[in-house]
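Asker: Test case, fold it:
(chains A and B)
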There are 2 protein chains.
Amino acid sequence: MKLTEIYWHLRPDIIKIEKEIEQNIDAQHQVLQQASSHLLKAGGKRIRPVFVLLAAQFGDYNIEKVKHVAVPLELIHMASLVHDDVIDNAELRRGKKTIKSKWDNRIAMYTGDYMFAKAIEIATLSNRPDLHKYLSEAMVEMCIGEVEQIRDQYNWQQNLRIYFRRIKRKTALLISVSCQLGAIVADASPLHQLQLKKYGYYVGMAFQITDDILDFVGTEKELGKPAGSDLAQGNVTLPVLLAMEKNSELNERIITYLKTESRIPFDMKATIEDIKATGAIQEAKKVADKYINKALLALEPLPELRAKAALQQIADYISERKF
Amino acid sequence: MKLTEIYWHLRPDIIKIEKEIEQNIDAQHQVLQQASSHLLKAGGKRIRPVFVLLAAQFGDYNIEKVKHVAVPLELIHMASLVHDDVIDNAELRRGKKTIKSKWDNRIAMYTGDYMFAKAIEIATLSNRPDLHKYLSEAMVEMCIGEVEQIRDQYNWQQNLRIYFRRIKRKTALLISVSCQLGAIVADASPLHQLQLKKYGYYVGMAFQITDDILDFVGTEKELGKPAGSDLAQGNVTLPVLLAMEKNSELNERIITYLKTESRIPFDMKATIEDIKATGAIQEAKKVADKYINKALLALEPLPELRAKAALQQIADYISERKF
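Answerer: Numbering: from 1, shown residues only, chains lettered A, B, ... in the order given. This next block holds a predicted model:
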């Protein structure tokens, strides 16, 4: 099953959100428009708006209200991608040229800033101060997560706790808040708001862990970048941490690599094979599945709507996704 | 009269705001703290919080409420300085090393993002959705202004209209919204809100024009950077535009400089003298004074409070400031 088939019934509303995002960027400024239409065309799963829409189904669903949350959440995500490109010097994202490589870093930074500000501006249309609280808290945590990621790059003294906290801030909280705000804007019951928020958090953790696994098991064609790119850039993820625990020679080799900040020759292909040989991929997969199970459990108190089935299917999809 | 003497009676509250800013940055993360305490120590006039506090005096003044606007406005300003440093490759700001030169650009960018997000988070404490509307609108315009400044760098086909629109977005709107939100958070009358908003806009325009004049007439010691730095970086400001109208040889010389993006030898000292010789500085000063007069006029309907005298004095101060 393809991801888009899961929420096929929301397709008209997703298209509406997509258009609103385009309009909000297009209308204001030619330079911004050119810089970000590029990102719009690069596509993306628009998974955060999908979560908003699905969560809103557990209350009074009104797309005219829901869009004031769905659009900001996608804009915040897009802004973070734009700033990631400035930061990571990533030459490719999803196989397409990044804004950075076509425009310069300065425009990219302010395009990201603009998207952040625009996200808040659109959220004001819902006229609910609580939304701003949750949105801005998630943004604050995201920024701290980004700073932590920079700080932890080439840090060879990491542990699982640091990793989990980082991916929580970097990824899980924004997905969690997408589910939560969808429920809030539709006036779903407090219990349902809470369960959807939890679901989003667990699914978000699983999503990032799966992403980190795919960086090792995906092909260059699937990933749009060479396998092992995270480690190559000094980002230590779950499979690496688990593999380092299991193989002391590998542990030493990776520490040396990190300590010297990849200035010495390093056989990434062999290292990927050695990581796989420890069973760390399967173990990381188990951790992701643990989160998926928690996500599914969080959905249990919710009524049997089509949206519930869709959220379950998305969780299964994340658990099984190949790229 | 020194600027701080004008609002001496607000000194305890300004100190409170200063502390709140520090706490909000310090508490959360060591890296952020180190990056931004640097900026805190570099000081600054905290002119935006001062405007918030003064404007709030025209309503129900309560520092515990006012701070939820004053702190965000200074944080937004600080965030824009941090991002300016990333962008402008400025090696010096107020004569001190910038965050960029001590930390790298990546940390600086996320420190700015963090401050933006934190600003919104603190503003939520006031529990008033209208504040978010005005704040985010000002932020959106600021970002567009920054993008315009980049687009217009080394653009030799500028005019006054483009210049005024850019400084409005870059500087005047945030000062305007500082006055407006101070009045709003203290529940000042709609008329007073409007007049204070206007005052802030006019004072902000005059402030930026004066800044652009000082870039030519200040000494390196006063400015913390060489005179003519704006033009050296391809930023065409009011004195330059006016001088280009008056002296066709100078006009051609500057156009050549801009067209070649400063890759050819250029005698900045001689050009500054030639700009001064056209009388463009005096003329730019007249434009600034026109805005100051409009600012003072905007204050007229307001009651004769000490805060009104302070706002008048700040306007006079801006009109006369030497650096």
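Asker: How about the contacts made by the spatially most central residue of chain A?
Answerer: Nearest to the mean C-alpha position of chain A, by CA atoms, centre = their mean, lies A:Thr171 at 4.5 Å. A:Thr171 is in contact with A:Gly204, A:Met205, A:Phe207, A:Gln208, A:Asp211, counting by CB atoms under 8 Å, 6 or more residues apart in numbering or on different chains. The C-beta positions use only the backbone N, C-alpha and C, and glycine is treated the same way.
Asker: Using a markdown table, please lay out these together with secondary structure.
Answerer: Shown next, in a markdown table, are these (DSSP: H, G, I helix; E, B strand; the rest coil):
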| residue | secondary structure |
| --- | --- |
| A:Gly204 | helix |
| A:Met205 | helix |
| A:Phe207 | helix |
| A:Gln208 | helix |
| A:Asp211 | helix |
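Asker: for the residues you listed, which one is nearest A:Gln233?
Answerer: Distance to A:Gln233, by CB to CB, is smallest for A:Asp211 among the contacts of A:Thr171, at 14.1 Å.
Asker: hmm, back to that, name the member of the contacts of A:Thr171 that has the highest neighbour count.
Answerer: A:Gly204 (28 neighbours; other CB atoms under 10 Å in any protein chain shown).
Asker: And for the host helix or strand of A:Thr271, what's in contact with it?
Answerer: If you go by DSSP states H and E, A:Thr271 is part of helix A:268-277. Contact with helix A:268-277 is made by A:216-217, A:226-228, A:231-232, A:239-240, A:243, A:247, A:250, A:253-254, A:257, A:281, as judged by CB under 8 Å, 6+ apart.
Asker: Against B:Lys16, how distant is the residue nearest to the centre of chain A?
Answerer: From A:Thr171 across to B:Lys16, the span is 37 Å (CB to CB, to the nearest Å).
Asker: picking that back up, give the buried subset of the contacts of helix A:268-277 as a PyMOL selection command.
Answerer: Buried members of the contacts of helix A:268-277, defined by 16 or more other CB atoms under 10 Å in any protein chain shown, are picked up in PyMOL with:
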select buried, chain A and resi 216+217+227+228+231+232+239+240+243+247+250+253+254+257+281
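Asker: Among the contacts of helix A:268-277, which are located in strands?
Answerer: Secondary structure defined by DSSP state E assigns none of the contacts of helix A:268-277 to strands.
Asker: burial measure for A:Pro129, as a count.
Answerer: A:Pro129: 18 surrounding residues under other CB under 10 Å.
Asker: So it sits against B:Pro129, correct?
Answerer: Yes - A:Pro129 lies in contact with B:Pro129 (CB atoms under 8 Å); the separation is 5.1 Å.
Asker: how about the residue in the stretch 151-300 of chain A that chain B sits nearest to, phi and psi?
Answerer: The minimum distance from the stretch 151-300 of chain A to chain B, using CB to the nearest CB, falls at A:Arg151 (5.3 Å). Note on A:Arg151: backbone dihedrals following degrees, to the nearest 10 are phi -60, psi -40.
Asker: Secondary structure class of the closest residue to A:Ile63 other than its chain neighbours, three-state.
Answerer: Ranked by CB to CB, 6 or more residues apart in numbering or on different chains and with sequence neighbours excluded, the top spatial neighbour of A:Ile63 is A:Asp13, at 4.9 Å. Per three-state DSSP, the secondary structure class of A:Asp13 is helix.
Asker: in terms of contact, does A:Asp13 touch A:Lys65 like I think?
Answerer: No - between A:Asp13 and A:Lys65 there is no contact, the gap being 11.7 Å when judged by CB under 8 Å.
Asker: still on that earlier bit, of all the contacts of helix A:268-277, which two lie farthest apart?
Answerer: Maximum pairwise distance among the contacts of helix A:268-277 (CB to CB): 22.2 Å, between A:Pro226 and A:Asn247.
Asker: contacts for stretch A:51-62?
Answerer: Contacts for stretch A:51-62 (CB under 8 Å, 6+ apart): A:7, A:10, A:13-14, A:17, A:63, A:66, A:69-70, A:73, A:175, A:178-183, A:185-189, A:192, A:196, A:200, A:302-303, A:305-307, A:310-311, A:314.
Asker: where in the stretch 51-200 of chain A is pLDDT low?
Answerer: Scanning the stretch 51-200 of chain A for pLDDT under 70 picks out A:87-104.
Asker: Run through the strands of chain A in chain order.
Answerer: Using DSSP E, the strands assigned to chain A run over residues A:92-93, A:96-97.
Asker: Report the separation between A:Ile76 and A:Val177.
Answerer: Counting by CB to CB - A:Ile76 and A:Val177 are separated by 9 Å.
Asker: ah, wrong one, I meant A:Asp13
Answerer: In this view, A:Asp13 and A:Val177 are 19 Å apart by CB to CB.
Asker: returning to that earlier point: of A:Ile76 and A:Val177, give the one with the bigger neighbour count.
Answerer: Neighbour count, other CB under 10 Å: between A:Ile76 and A:Val177, A:Val177 has more, with 29 against 26.
Asker: Name the nearest residue to A:Tyr154, sequence neighbours excluded.
Answerer: With sequence-adjacent residues excluded and distances taken as CB to CB, 6+ apart, A:Tyr154 is closest to A:Gly234, at 3.8 Å.
Asker: what's near enough to touch the one you found?
Answerer: Contacts of A:Gly234 by CB under 8 Å, 6+ apart are A:Gln153, A:Tyr154, A:Leu258, A:Glu261, A:Ser262.
Asker: residues of the helix holding A:Thr271 that come out buried?
Answerer: Within helix A:268-277, the residues that count as buried by 16+ other CB under 10 Å are A:Thr271, A:Ile272, A:Asp274, A:Ile275.
Asker: cool, stretch A:7-15 as well?
Answerer: Neighbour-count burial for stretch A:7-15 flags A:Tyr7, A:Leu10, A:Asp13, A:Ile14 (criterion: 16+ other CB under 10 Å).
Asker: so which pair among those residues is furthest apart in space?
Answerer: Within these, two members stand farthest from each other by CB to CB: A:Tyr7 and A:Asp13, at 9.2 Å.
Asker: Would you mind listing what in the stretch 151-300 of chain A touches chain B?
Answerer: When proximity is defined as CB under 8 Å from any CB of the partner chain, the stretch 151-300 of chain A approaches chain B at A:Arg151.
Asker: Helices of the stretch 151-300 of chain A, start to end?
Answerer: Listed in chain order, the helices found in the stretch 151-300 of chain A under DSSP state H, counting those that start in this stretch are A:160-167, A:173-185, A:190-217, A:220-223, A:229-232, A:238-246, A:248-259, A:268-277, A:280-299.
Asker: So which of those helices is nearest B:Ile167?
Answerer: Using CB to CB, the helices of the stretch 151-300 of chain A put helix A:173-185 closest to B:Ile167, at 34.9 Å.
Asker: Kindly tell me how buried A:Gln282 is, as a neighbour count.
Answerer: Residues lying near A:Gln282 (other CB under 10 Å) number 12.
Asker: again, but for A:Pro301
Answerer: A:Pro301: 11 neighbours (other CB under 10 Å).
Asker: swap in A:Ile167?
Answerer: Counted with other CB under 10 Å, A:Ile167 comes out at 23.
Asker: what's the answer for A:Asp84, then?
Answerer: Quick note: A:Asp84 (other CB under 10 Å) scores 19 neighbours.
Asker: related to what we said a few turns ago, most surrounded residue in the contacts of A:Gly234?
Answerer: That'd be A:Leu258 among these, by other CB under 10 Å, with 19 neighbours.
Asker: Hmm, A:Asn155 and that residue touching each other?
Answerer: Yes - between A:Leu258 and A:Asn155 there is a contact under CB under 8 Å: 7.1 Å.
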